[in-house]
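**Q** Need coordinates for the following:
(2 chains)
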Amino acid sequence: MPSMDAISRNLMLDSLKAYARKNISHDFVREKDQANEFPAGILKDMYDHSILGVHLLMVPEEYGGVSGGTYDIYRICETLAHIDLGIATAVFATFLGTDPLNVGGTEDQKKKWLQRIAKENLMVAYAATEADAGSDLVNLRTRAEHVLKNGALAGYRITGNKQWISNGGVADLYTVLALAPGGPSWFLVERNMEGFVPGKHEDKHGIRLSNTAGLSLDGVYVPKENLIGEVEGRGLLQAQAVFGYTRLMVAAFGLGAGWEAVEQAVRYSQQRIQAGGPLSDKQGYTHKLIVPHAVRLEAARAYIEETANRLDGGEHGLQTEGSIAKYSATEAGNRAAEDAIQALGGYGYTRDFPVEKIKRDIKITCIYEGTSEIMEMTIYRGRWQEHLKTRGRYYADIADRMDALHDRNPNVGARSAGLALRALAAVMEECRLQKLTRHQTVTFKLGRFIALAEQAYVFSEAAAKEKYSESVRFDVQAWQAMARIFARDAALAIAAEGPAMVLGASDGAGGLYSAVNMEEVQAAQKGMTADMDLVAAKLKQTFKAK
Amino acid sequence: MHIAVFVKQVPDTTEVKINMETGTLIRAGVPSIVNPYDHFALQAAMELKKAHGCRVTVISMGPPQARSVVQMGLALGADDGVLLSDMAFAGSDTWATSYALAKSVKKLGKVDLLLAGMQAIDGDTAQTGPGVAQQLGIPQVTFCEKIDVDGKKIIARRLIDGGHEIVEAKAPVLFTMIMPKDYVPRYPSFPDVHASLKKPFHVWSAEDIGAEKRYLGLKGSPTQVARIYPPPLREKAEMTSGTAQDAVEKILAVMRREHFIGE
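**A** Next up is the predicted model:
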């Protein structure tokens, strides 16, 4: 679905923020977090058509929804994550649970179920994971057996156990992945069906406001109309089809919660006076604990937005892009939250300040919807093919584009982004020549380098635009400084670690040392400290102490 | 009954920072909101609509992005939206703005009740609402916190020093609204926002409302802002509490301590 107009989207965001300001205080979430309690009343309000109706974003207009596009959903997810990641996850689970229907449902199924989700405010859960089946669903054990009536297929009997299902204990409707005779398939299971028993709410490290439970299905009978798409064996394809997009939502969670942590740290640093001045004026503090995180989060934002706009523009799949977005934003957010505790010192380590909870909550974003390691693998796989197909031109071409951008606008880090891309292309080529991708560790590291280089160029391009998107809270000066910092870091990481990685797995790095052009990468570091000073000052200006 | 509500898009002043060197507002990154007094006026209009089935038109004047506050009014339940947007309006002071708004009311035809916020939180003039009434030659009741309709009578509860007064008026009449203490602003839900896109929305230029350009914009404005500056910072204030007697004692003690008065 294409995105809605900016005014409508921002009115919705304003309503969500106003609701949270009034009803979801820090004390409230802290209490629920400690009690390990699902805030049922909040979720009820969020689904209430006269209060918010958040779940309607995922439902097309013709079925009673508001037809949100990817960009809209990214913005809402980011805002939810600022509020509380547990609540965000409860909403997300409904989005995710609705997806197989949106992607694979027949017209009749969409009409029936999407309308019910919209009208009856059904909370949905997405049930794929099992004890032996996580990212790898080959060992899926839940079975769906044919039930015949007068020799014809009437329905299915589903038996098996699911685990770590968000909304597992509280949902009204479940989309359950089970192995049918024709292969893995999605089924719609209602809470009240006989033989269906949700398990207890898990005691988790974080997102404790999100209900997570196992599901037990003991010969649950569903009519054949509840097989999504009404053709068996399409389950994995249907799940794959939306990864580009569902991973963007989790990326938005890393972005929102990560920024919340950084904002808390920036505000605190202006009040905390040590050694004669506020911490916010001390480079050793800001340039280590705050600025790098703000920069990485904004780089991830640029990448998320680019991917969201492409999906809204009608492109399909974008699995590699979705993975880069998720991997980068959630890892950046997780590190930002970790350092936000450090930035608040002893206060940060107590439950009186929100950063402690954010740190526990945000960790899940590096795990669910594909772990960071699965992301590294997926990113590598996707782009390795491009490298081979184009005989190494894939990144060299984008690097040429960056050089041209640098000539037009020398302020957006395009030169460094180009250096990062060329170094990456050289490292990949050396890996190909020496057949180093037989080492899994090499492939995962390549995944990381790819994510860095791609964000660098996407951020440079975004920072060069005449008008920034509505989500950017910084002026041109600040955002361009961030793009420069990120691109320099990316180039340095790839140029330094790439040859080291190759050497570690082989007898020699060949011509790689000169190919990564370390001399120029080093030269491009000029101005780094001044840029970080500028970003530190802008952060202070943007997030004033309260 | 036809109600017109005037709304203004303003920067969220709780988020506005002042550049101490130049004395100007730092507007970058500051969110725009519907003026809170106007927000209450919108809600008062919706209550009347609910109770009496009135038709509500929401009107704003501003740049194209001010459409946002009109759409918010529509999402909250207004029936029609009007945005006065034209370069000719740019830089209008309260007089020129009142003139343009009054012209737009005339174009709407019969309007019985006009509601405006008491003031906008950016300019704080409290002149535009009363100005519209003056331009239209209709009565006005200011500082209202509640409006009721009883047959042909319109009854307003109006705040005065030390209490309130009940004022009765006949249509057409303009009210400016304050914000009662217990007021909870209502925001539209997602489907309300979505539905608002299908409601009638008009953008009117100066020509559309038959406004004469010599009365509009910077040139048509009898007043002009010479300078904006932050008030000088005062030294720290000490607050006292307790009974009047206690407070007097405490204030006297401070005055003695600071040598404003002798022992």
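**Q** how about the strands in the stretch 251-400 of chain A?
**A** Assigned by DSSP state E, counting those that start in this stretch, the strands in the stretch 251-400 of chain A fall at A:273-274, A:277-278.
**Q** what are the pairing partners of the first one, and which direction each?
**A** When you say that, I think you mean strand A:273-274. strand A:277-278 (antiparallel) (DSSP bridges).
**Q** Just to check, B:Leu76 is in contact with B:Ser189?
**A** No - B:Leu76 is beyond contact range of B:Ser189, at 10.0 Å (criterion: Cβ atoms under 8 Å). Just so you know, the C-beta spots here come from the backbone N, C-alpha and C atoms, and that holds for glycine as well.
**Q** Provide the backbone phi and psi angles at the residue lying closest to B:Gln43 once chain neighbours are set aside.
**A** Leaving aside its chain neighbours, B:Gln43 sits nearest to B:Arg186 (5.8 Å; criterion: Cβ to Cβ, 6 or more residues apart in numbering or on different chains). Per-residue torsions, B:Arg186: phi -100, psi 140 (degrees, to the nearest 10).
**Q** before we move on, what about B:Asp124?
**A** Here B:Asp124 shows phi and psi, under degrees, to the nearest 10, equal to phi 60, psi 30.
**Q** Contacts only, for the closest residue to A:Val170 other than its chain neighbours.
**A** Spatial nearest neighbour of A:Val170, chain neighbours left out: A:Asn211 (4.7 Å); criterion: Cβ to Cβ, 6+ apart. Shown in contact with A:Asn211 (Cβ atoms under 8 Å, 6 or more residues apart in numbering or on different chains): A:38, A:90, A:166-170, A:201.
**Q** one more time with 6 Å
**A** Neighbour list for A:Asn211: A:38, A:167, A:169-170, A:201 [criterion: Cβ atoms under 6 Å, 6 or more residues apart in numbering or on different chains].
**Q** Kindly report the same for A:Val262.
**A** Here A:Val262 is in contact with A:293-294, A:336 (Cβ under 6 Å, 6+ apart).
**Q** did I read that right, A:Gly125 in a strand?
**A** If you look again at residue A:125, you'll see it is Ala, not Gly. Yes - assigned with DSSP: H, G, I helix; E, B strand; the rest coil, A:Ala125 falls within a strand.
**Q** thought it was touching A:Tyr174?
**A** Yes - with contacts counted by Cβ atoms under 6 Å, A:Ala125 reaches A:Tyr174, the gap being 4.9 Å.
**Q** Between these two, point out the one with more neighbours.
**A** A:Ala125 (29 against 26; other Cβ atoms under 10 Å in any protein chain shown).
**Q** so how far is chain B from that one?
**A** In this view, A:Ala125 and chain B are 21 Å apart by Cβ to the nearest Cβ, to the nearest Å.
**Q** And that residue, what's its pLDDT?
**A** A:Ala125 carries a pLDDT value of 96.
**Q** contacting residues for B:Ile138?
**A** By Cβ under 6 Å, 6+ apart, B:Ile138 lies in contact with B:172-173.
**Q** can we see that at 10 Å?
**A** Residues in contact with B:Ile138 (Cβ atoms under 10 Å, 6 or more residues apart in numbering or on different chains) are B:102, B:105, B:111, B:114, B:132, B:169-174.
**Q** List buried members of the residues you listed by neighbour count.
**A** With burial judged by 16 or more other Cβ atoms under 10 Å in any protein chain shown, the buried subset of the contacts of B:Ile138 is B:102, B:105, B:111, B:114, B:132, B:169, B:171-174.
**Q** Taking the residues you listed together, which two end up most distant?
**A** B:Ala102 and B:Ala169 (18.0 Å; Cβ to Cβ).
**Q** where exactly do the strands run in the chain?
**A** Just going to use chain A. Residue ranges of the strands in chain A, as given by DSSP state E, are A:124-127, A:143-149, A:152-166, A:173-180, A:183-190, A:196-201, A:212-223, A:273-274, A:277-278.
**Q** nope, chain B
**A** B:2-6, B:9-11, B:17-19, B:24-26, B:32-34, B:55-61, B:80-84, B:113-117, B:140-150, B:153-160, B:163-170, B:173-177, B:201-204.
**Q** Point out the one among these that comes closest to A:Arg432.
**A** strand B:24-26 (51.7 Å).
**Q** mind listing what's buried in the helix or strand of chain A with the lowest mean pLDDT?
**A** Every helix and strand in chain A was compared by mean pLDDT, DSSP states H and E; the lowest is helix A:235-241, with a mean of 88. Within helix A:235-241, the residues scored as buried using 16+ other Cβ under 10 Å are A:235-236, A:238-239, A:241.
**Q** next one: stretch A:496-510
**A** For stretch A:496-510, the neighbour count (16+ other Cβ under 10 Å) marks A:497-499, A:501-502, A:505-506, A:509-510 as buried.
**Q** Please identify which of these is nearest to chain B.
**A** Chain B has its nearest neighbour among those in A:Glu497, at 35.6 Å by Cβ to the nearest Cβ.
**Q** ok, the closest one to A:Ala515 distance?
**A** Note on A:Glu497: its distance to A:Ala515, by Cβ to Cβ, to the nearest Å, is 14 Å.
**Q** can you tell me how far the closest residue to A:Leu534 other than its chain neighbours sits from chain B?
**A** Nearest non-adjacent residue to A:Leu534, counting by Cβ to Cβ, 6+ apart: A:Ala481, 4.8 Å away. To chain B, A:Ala481 is 15 Å away according to Cβ to the nearest Cβ.
**Q** Was I right to think A:Ala481 contacts A:Lys538?
**A** Yes - contact criterion Cβ atoms under 10 Å: A:Ala481 and A:Lys538 qualify, at 7.9 Å.
**Q** quick one: which of those two has more around it?
**A** More crowded of A:Ala481 and A:Lys538, by other Cβ under 10 Å: A:Ala481, with 27 against 22.
**Q** Let me see the contact set for that one.
**A** A:291, A:295, A:411-413, A:463, A:474, A:527-528, A:530-535, A:537-538.
**Q** And the pLDDT at it?
**A** 98.
**Q** before we move on, back to that, turn the strands of chain A into JSON lines, including distance to A:Lys435.
**A** Shown next, in JSON lines, are the strands of chain A (distance: least, Cβ to Cβ, whole Å):
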{"stretch": "strand A:124-127", "distance to A:Lys435": "39"}
{"stretch": "strand A:143-149", "distance to A:Lys435": "41"}
{"stretch": "strand A:152-166", "distance to A:Lys435": "38"}
{"stretch": "strand A:173-180", "distance to A:Lys435": "36"}
{"stretch": "strand A:183-190", "distance to A:Lys435": "33"}
{"stretch": "strand A:196-201", "distance to A:Lys435": "47"}
{"stretch": "strand A:212-223", "distance to A:Lys435": "42"}
{"stretch": "strand A:273-274", "distance to A:Lys435": "54"}
{"stretch": "strand A:277-278", "distance to A:Lys435": "54"}
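**Q** Just name the most buried of those.
**A** Of all those, strand A:124-127 carries the top mean neighbour count, a mean of 28, counting by mean count of other Cβ atoms under 10 Å in any protein chain shown.
**Q** ok, so what distance separates the closest residue to A:Ala332 other than its chain neighbours from B:Leu76?
**A** Spatial nearest neighbour of A:Ala332, chain neighbours left out: A:Arg296 (3.8 Å); criterion: Cβ to Cβ, 6+ apart. Distance from A:Arg296 to B:Leu76, counting by Cβ to Cβ: 39 Å.
**Q** residues near residue 55, how many?
**A** Defaulting to chain A. Neighbours of A:His55 (other Cβ under 10 Å): 25.
**Q** meant chain B actually
**A** Residues near B:Arg55, counting by other Cβ under 10 Å: 14.
**Q** Name the single longest helix found in chain B.
**A** Ordering each helix of chain B by length in residues (DSSP state H) puts helix B:36-52 first.
**Q** can you pull the buried residues of it?
**A** B:36-46, B:48-49.
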